[in-house]
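have a look; sequence and predicted model below, questions after that.
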Amino acid sequence: LVVVVGSLNVDSTSYVGAFPEPGETIRSHGFQVALGGKGSNQAVAAHVVGASVDLVARLGADAAGDFAVATLERFGLPTAAIGRAADAPTGVAQITVADSGENTIIVTSGANLAVTPAVVDAERERIASAALVLTQGELPVATIDRVAELAAGAGVRFVLNLAPPAPVAAATLASSDPLVLNEHEARAVGIGTDAADASLDAWRDAAASAVGRIARSIVVTLGGSGAVAASVDGSWTAPAPAVDAVDTTGAGDGFTGALAAFLAEGRPLEEALRIAVAAGALAVQARGTVDSYASRAAVLRTAGA
Ligand code: ADP
């Protein structure tokens, strides 16, 4: 079992020629509503590659919440650990994408802020029964720290995707196995290379030098270049295959969900890394976020695993 204690957002995206000025009303040339929080995305990604997943999250008692539940059910995810906050809206991101490719994003955390340390405590047994518990930087810092403490106390593997970067306790980072970061997040926690266009090998060495110092193990994703990982057992590079990227939204979440799923199966970090890179590369070749995640069979075939 993979337990994801995570954010759940509904993204509303308007596609426009150019951004409106203050006070101006414009017409969009497209609109879309989709599941978008990192917690819910990663839960779906882990599920579609074969993990059994419980998502601990909070929604508002509103139509966006109903949409989120319906979407999770369409994928076959259990929703028993998803509660409704009485006095907060479902977390939403209002996204505007201009023809230039630029975007503006307004995030309302809403009910995600109701995922408190007390909610985590109430899920103590669920967490203790998991092979792995996964969380992200979108929840309140005290909540992330509490998940790490409970996982450590129960001897459950803790995986932290610190996206966006958040000032979690040093002990939380230290127990992360792995701490999963993109290039910007890695630099934010003090893992990086001097070169702006550093190679996979340079990033692998930077990750290796942070093992034990910052986190128990570390994974850094590097977009179209692939990803690297390091633990006490060694350090590895996993180049991404050259693909035609049509939509990179949610690729990082697809990567992290797959990584967690295969680690929970007991695969070594080196192998889970290669499989997660394949999952990320497949996700960028399809439109959408949760709808771009490929099946277990496709991911394993692409990884040659
Ligand atoms: P984030 O979106 O969180 O910043 P990255 O951009 O590092 O994350 O992408 C995460 C993973 O998705 C990469 O490690 C890789 O596996 C895959 N990926 C992203 N962009 C591409 C691409 N252009 N080609 C192939 N794989 C990609």
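Looks like it arrived, so ask away. Residues are numbered from 1 along each chain as shown.

and the residue lying closest to residue 240 once chain neighbours are set aside, what does it touch?
With sequence-adjacent residues excluded and distances taken as Cβ to Cβ, 6 or more residues apart in numbering, residue 240 is closest to residue 226, at 3.9 Å. Backbone N, C-alpha and C define where each C-beta goes, glycine included. By Cβ atoms under 8 Å, 6 or more residues apart in numbering, the residues touching residue 226 are 200, 237-240, 277.

ok, 10 Å please
Listed by Cβ atoms under 10 Å, 6 or more residues apart in numbering, the contact partners of residue 226 are 200, 203, 220, 237-241, 255, 273-274, 276-278, 280-281.

now residue 56
With Cβ under 10 Å, 6+ apart, residue 56 has these contacts: 3-6, 8, 39, 43, 80-83, 115, 119-120, 122-123, 126-127, 133, 135, 139, 143, 147.

wait, doesn't residue 113 sit right on residue 90?
No: counting by Cβ atoms under 10 Å, residue 113 does not reach residue 90; the two are 11.7 Å apart.

between the two, which contacts overlap?
Contacts common to residue 113 and residue 90, judged by Cβ under 10 Å, 6+ apart, are residue 58.

ChimeraX command for the buried members of the contacts of residue 56?
Buried subset of the contacts of residue 56, written as a ChimeraX selection, criterion 16 or more other Cβ atoms under 10 Å:
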select :3,4,5,6,8,39,43,81,82,83,115,119,120,123,126,127,133,135,139,143,147
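
which one's more surrounded, residue 113 and residue 90?
Taking other Cβ atoms under 10 Å, residue 113 and residue 90 do not tie; residue 90 has more neighbours (27 against 16).

check contacts around that one.
So residue 90 contacts 8-10, 37, 57-69, 84, 108, 110-112 (Cβ under 10 Å, 6+ apart).

let's see 7 Å
10, 59-60, 62, 64-65, 68, 110-111 (Cβ atoms under 7 Å, 6 or more residues apart in numbering).

now intersect the residues you listed with the helices, please.
64-65, 68 (DSSP state H).

between those residues, which is nearest the ligand?
residue 68 (21.0 Å; Cβ to the nearest ligand atom).

and that closest one, how many neighbours?
That count, for residue 68 with other Cβ under 10 Å as the rule, works out to 27.

lowest-pLDDT helix or strand in this protein?
Of all helical and strand segments in the chain, the minimum by mean pLDDT, DSSP states H and E falls on strand 103-108, at a mean of 92.

can you list contacts of that one?
Outside strand 103-108, the residues that reach it (Cβ under 7 Å, 6+ apart) are 19, 89, 91-97.

again with stretch 109-129
1, 3, 5, 7-8, 54, 56-60, 81, 85, 88-92, 133, 138-140, 142-143, 146-147, 150-151, 154, 156.

next step: those residues restricted to strands.
Applying DSSP state E to the contacts of stretch 109-129, the entries found in strands are 3, 5, 54, 56-60, 85, 91-92, 133.

between all of these, which two are at the greatest distance?
92 and 133 (25.6 Å; Cβ to Cβ).

next one: residue 229 from residue 53, what distance?
The gap separating residue 229 from residue 53 is 22 Å, by Cβ to Cβ, to the nearest Å.
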